[in-house]
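Chemist: I'll drop the sequence and a predicted model, then ask my questions.
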Amino acid sequence: MLKKIFGSAIFGVSAQTITIEVNIDQGVGYHLVGLPDSAIKESNFRIQAALKNIGYKIPGKKITINMAPADLQKEGSSYDLTIAIGILCASEQIQHQSIEEYIIMGELSLDGSLRPIKGALPIAIQAKEEGFTGFILPKQNADEAAVVQGINVYGVENILEVIEFLNGDKDLQPHHFDLKDHSLQELNKYTHCFSDVKGQENVKRAMEIAAAGGHNIILIGPPGSGKTMLAKRIASILPPMTIDESLETTKIHSVAGKLGNRSLVYNRPFISPHHTISDVALVGGGSYPQPGEISLAHNGVLFLDELPEFKRSVLEVMRQPLEDREVTISRARFTVTYPSSFMLVASMNPSPSGYFADDPQNTSSFHEMQRYMNKISGPLLDRIDLHIEVTPVPFDDLSEARNGEKSMNVRQRVIKAREIQTQRYKNSGIHYNSQIGPKELDKFCILDDESKKLIKTAMERLNLSARAYDRILRVARTIADLSQSEAVNAKHIAEAIQYRSLDKT
C-alpha cells in the first residue's frame with residue numbers, strides 16, 4: 001500500500017515541504033531513497049526500536065521510502081517521526097484518513113519519546129502558506145511554532161500520542177502562545193546598563209549616535225580604559241525589535257539550533273566571537289550550509305574584541321555583508337542567502353604594547369605601531385562610520401559616587417531619532433541612516449555653504465575616500481535627528497568629522 005506523509009526541509013532560513021512516500025509490497029527489504037544523509041539512513045534502527053517499545057512493529061515486507069523532491073539533499077534526524085508514521089499508515093496500523101493535512105516532524109528516542117528539532121518556526125510559516133491544517137512536532141518546539149497564527153500546532157511528548165491522536169483514541173489540543181504577554185515579560189531584560197560606566201561621556205555620546213543611526217563603530221584605547229565594558233552595554237540602548245524583526249531573527253537562530261528554551265528572540269542579539277574564529281564560522285557555510293555569527297547577529301550587534309588579532313582573511317570576508325546586509329553562500333549544487341543586517345562594534349589597542357604613541361608606557365616603535373594598524377585594511381575601516389579614541393578614566397571620575405545616565409534614558413532619545421528616520425524613509429525599504437545610499441544623501445543631507453567648506457577642508461587634509469565622505473554625511477544626519485533638526489548644518493558636520501580619528505592618524 002502507498003501512503004504520503006509530509007515533512008519539511010530547511011533551505012537557508014526558509015522551509016521547503018518534503019513528501020515522504022512510503023510503499024509496502026510483497027518481498028523483503030528496506031529501501032530509503034531521495035538523497036538522505038547518514039542521520040536519515042540510520043533512522044530505521046531508531047524507528048524499529050521505538051515502535052517495538054510502544055507495542056508496534058515494522059512489517060516484515062518490502063518497504064520503499066522516497067523523499068521527494070528526490071534531487072534535494074535531506075539532512076538531520078527530524079524525519080524519524082515522519083517516516084515512522086508513514087510506515088504505520090502504509091501498513092494500515094493507523095487508520096487516519098486525512099493524514100495529508102499535517103506536517104509531521106520529530107527525532108525519535110529508542111523509548112518512543114521525541115527530541116526537539118531545528119527550524120520549527122520557518123517550517124510552521126511554510127506550512128501555513130501552503131494551507132496545511134496542522135503541524136505535529138515535539139512539545140519542546142511547540143511555543144516556537146505556535147508564534148505563527150492560522151495553523152494548529154500540536155506539541156507531543158512521544159510517538160504513542162501521535163498514533164492515538166491519528167487513530168481517534170486521543171484528542172490533542174492545539175498549542176496557544178500569547179505573543180503580547182511573553183513580549184512584555186521578556187522586553188528590556190538587559191544585565192548591563194550605561195550607569196555602571198564611570199566617566200567616558202564623549203564615548204557614550206558616540207555610542208548613542210551609533211545606536212540612533214545603526215552605524216558601525218570602533219573603539220581605540222589602552223587596556224583597562226573601558227572599551228569592552230562600553231561595548232557590552234550598547235545593546236541596552238538600541239530600540240526594541242519590531243515583531244517582524246523578532247520573527248526574522250528567531251528564524252535564523254532556530255535554523256542554527258541556537259534558540260535554546262526561547263520561543264522567540266525579543267531582545268536584540270549581542271554576538272561576540274573569539275578572535276580565533278574561521279571565516280566560514282563567521283559568515284556561514286559548510287557542506288550543509290549553516291548561518292554564521294554575522295547572521296546570528298542580524299538585527300543586533302556583532303562585537304569583535306581586539307580587532308587586529310582576528311585573521312585578515314576573516315575580517316575581509318565581512319566587507320561585502322557590511323555593504324549588502326546579506327551574505328550569499330554558493331556551492332556547486334545550490335546557493336543560499338542569509339540576512340546579516342548587523343551593527344558592527346569593534347575594539348582595539350592603538351599599538352602592540354597597548355598604549356598611544358604619546359603615552360610613557362608605550363614601548364612600541366613607530367614601525368611596529370604602523371604594522372599593527374595595517375592588520376586592518378583601509379576598505380574595512382572605510383565601512384566603519386565612527387572611530388573613537390577611548391582614554392583612561394581619571395581617578396576623580398572613578399571615585400565619584402554619582403552614577404552615570406541610565407541606559408533607559410539614552411534609549412528613549414535613540415527611539416525618538418529612529419522614529420524620525422522611519423517616517424522619513426517609509427515605504428523605501430530603508431530603516432535607519434546607515435542604510436541610505438547616494439540618492440537619499442542628496443535628498444536628505446543638503447549642505448549649506450559653511451558645511452560644504454568644512455567637509456571639503458576635512459577631505460583634503462585627511463585624504464578621505466568617497467565612501468568616508470558618505471559616512472560623515474550619514475553620521476551628521478543622525479546627529480541632526482538626535483537634536484530634532486530637520487537640516488544638517490556645520491555643527492553636525494563638525495561633530496561627525498571628529499569621529500574619524502583613524503583617518504586623522
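Modeler: Cool, got the structure. Residues are numbered from 1 along each chain as shown.

Chemist: number of nearby residues for residue 289?
Modeler: For residue 289, the neighbour count with other C-beta atoms under 10 Å is 19. C-betas here are computed from N, CA, C, even on glycine.

Chemist: ditto for residue 442
Modeler: 11.

Chemist: just the one 10 residues further on next, same as before
Modeler: By other C-beta under 10 Å, the residues close to residue 452 number 12.

Chemist: how about residue 94?
Modeler: The local packing of residue 94 (other C-beta under 10 Å) involves 20 other residues.

Chemist: and residue 112, by the same measure?
Modeler: 24.

Chemist: same thing with residue 26?
Modeler: 6.

Chemist: show me the contacts for it.
Modeler: 61-62 (C-beta atoms under 8 Å, 6 or more residues apart in numbering).

Chemist: same question, the one 4 residues further on
Modeler: Contacts for residue 30 (C-beta under 8 Å, 6+ apart) come out as 44, 58, 63, 65.

Chemist: between the residues you listed, identify the one with the most neighbours.
Modeler: residue 65 leads these on contacts (other C-beta under 10 Å) with 25 neighbours.

Chemist: for the closest residue to that one other than its chain neighbours, helix, strand, or coil?
Modeler: Nearest non-adjacent residue to residue 65, counting by C-beta to C-beta, 6 or more residues apart in numbering: residue 32, 4.8 Å away. Per DSSP: H, G, I helix; E, B strand; the rest coil, the local secondary structure of residue 32 is strand.

Chemist: same check on residue 17?
Modeler: Residue 17 is classified as strand under three-state DSSP.

Chemist: same thing with the one 10 residues further on?
Modeler: Assigned state for residue 27: coil (three-state reduction, three-state DSSP).

Chemist: one step back: distance check, the residue nearest to residue 65 against residue 64.
Modeler: 8 Å (C-beta to C-beta, to the nearest Å).

Chemist: centroid-nearest residue for the chain?
Modeler: residue 296 (2.8 Å; C-alpha atoms, centre = their mean).

Chemist: residues touching that residue, list them.
Modeler: Taking C-beta under 8 Å, 6+ apart as the test, what residue 296 contacts is 252-253, 256, 258, 269, 271.

Chemist: any low-confidence regions in the stretch 101-250 of the chain?
Modeler: 179-189 (pLDDT under 70).

Chemist: helices of that one, start to end?
Modeler: With DSSP state H, counting those that start in this stretch as the criterion, the stretch 101-250 of the chain has helices at 120-129, 142-146, 159-167, 179-186, 201-213, 227-231, 243-255.

Chemist: now do the helices in the stretch 351-500 of the chain.
Modeler: Using DSSP H, counting those that start in this stretch, helices in the stretch 351-500 of the chain cover 366-373, 378-382, 395-398, 407-424, 438-444, 449-462, 466-482, 490-498.

Chemist: looking at these, which is closest to residue 18?
Modeler: helix 407-424 (38.9 Å; C-beta to C-beta).

Chemist: can you list the buried residues in that closest one?
Modeler: Using 16 or more other C-beta atoms under 10 Å as the test for burial, helix 407-424 gives 407, 410-411, 413-415, 417-418, 420-421, 424.

Chemist: to residue 334, which of the helices of the stretch 101-250 of the chain lies closest?
Modeler: Nearest to residue 334, of the helices of the stretch 101-250 of the chain and by C-beta to C-beta, is helix 243-255 at 15.1 Å.

Chemist: so the closest one versus helix 120-129, what angle?
Modeler: 120 degrees (axes from the mean of the first three to the mean of the last three C-alpha atoms, to 10 degrees).
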